[in-house]
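>>> Structure, please.
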Amino acid sequence: MGHADGLCHVYLHQDAGPEKAVRVVVDSKIDYPSACNAVETLLIHRSLLRTLWTEVASALLNAGVQLICDEEALSAIPQSIARANPNSITSSDEQSYRTEHLDLKLSVKTVDSLDAAIHHINTHSSHHTDTIVTESEADGSKFCRGVDSAGTFVNASTRFADGFRYGSGQR
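Next up is the predicted model:
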């Protein structure tokens, strides 16, 4: 068995619940960062930058993840967090969203809507596994219908694509 390309995404929808969002994003990145179904890009709805993004960024940084952020996500990280993690937060460029990091690195991009997230994923992903964190059943369904990937999930870690049982730590 060889490695399959895995440029996987998690999209934090505007109504994503904080606890669920943190669990899904962190597990999607740190469970096995070099796996083909580990998240490589986090898409975050603009309305979450001053709220949920702070929690998610803190949890990722505490887990040892380097954040490679667009200008908006970068500027939304509180200065106290940025000062405490000077080597773990950097600016992104367009190549960041085409890179399978295979490490504890995560590209972060701000989007305006579910449609923008779907467009970004369909343009940049490897069509392996992508997930949305949302409380909206209709928008979760729209995401799964709109994203052209082998696995699309709602409120589940991208690592679930490999038979991972969420929360068990066992394979």
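>>> ok, Ile68 - how many residues close by?
26 (other CB atoms under 10 Å). Heads up, the C-betas are built off the backbone N, CA and C, glycines and all.
>>> So it sits against Gln95, correct?
No. Taking contacts as CB atoms under 8 Å, Ile68 lies outside contact range of Gln95: 10.0 Å.
>>> Spell out the residue ranges of the strands in the chain.
Along the chain, counting by DSSP state E, strands occupy 8-12, 39-45, 66-69, 89-91, 105-111, 129-133, 151-154.
>>> Out of those, which is closest to Ser141?
strand 151-154 (8.0 Å; CB to CB).
>>> which strands and helices sit next to that closest one?
strand 129-133, helix 137-146 (3 or more CB pairs under 8 Å, 6 or more residues apart in numbering; DSSP states H and E).
>>> thinking again about what came up before, could you export the strands of the chain as JSON lines, including mean pLDDT?
Shown next, in JSON lines, are these (pLDDT from 0 to 100):
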{"stretch": "strand 8-12", "mean pLDDT": "97"}
{"stretch": "strand 39-45", "mean pLDDT": "98"}
{"stretch": "strand 66-69", "mean pLDDT": "98"}
{"stretch": "strand 89-91", "mean pLDDT": "97"}
{"stretch": "strand 105-111", "mean pLDDT": "98"}
{"stretch": "strand 129-133", "mean pLDDT": "96"}
{"stretch": "strand 151-154", "mean pLDDT": "95"}
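>>> okay, these, which one's buried deepest?
Highest mean neighbour count among those (mean count of other CB atoms under 10 Å): strand 129-133, with a mean of 30.
>>> So what are the sheet partners of that strand and their directions?
Using DSSP bridges, strand 129-133 pairs in its sheet with strand 8-12 (parallel), strand 151-154 (parallel).
>>> Off-centre distance for that strand?
8 Å (CA atoms, centre = their mean, to the nearest Å).
>>> now Ile118: how far from Ser91?
Distance of Ile118 to Ser91, computed by CB to CB, to the nearest Å: 25 Å.
>>> How about Arg145?
34 Å.
>>> Then Gly6?
Taking CB to CB, one finds Gly6 at 24 Å from Ser91.
>>> can I get the helices and strands packed on strand 151-154 in TSV with distance to Ala76?
TSV is the format used below for those (distance: least, CB to CB, whole Å):
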stretch	distance to Ala76
strand 129-133	18
helix 137-146	22
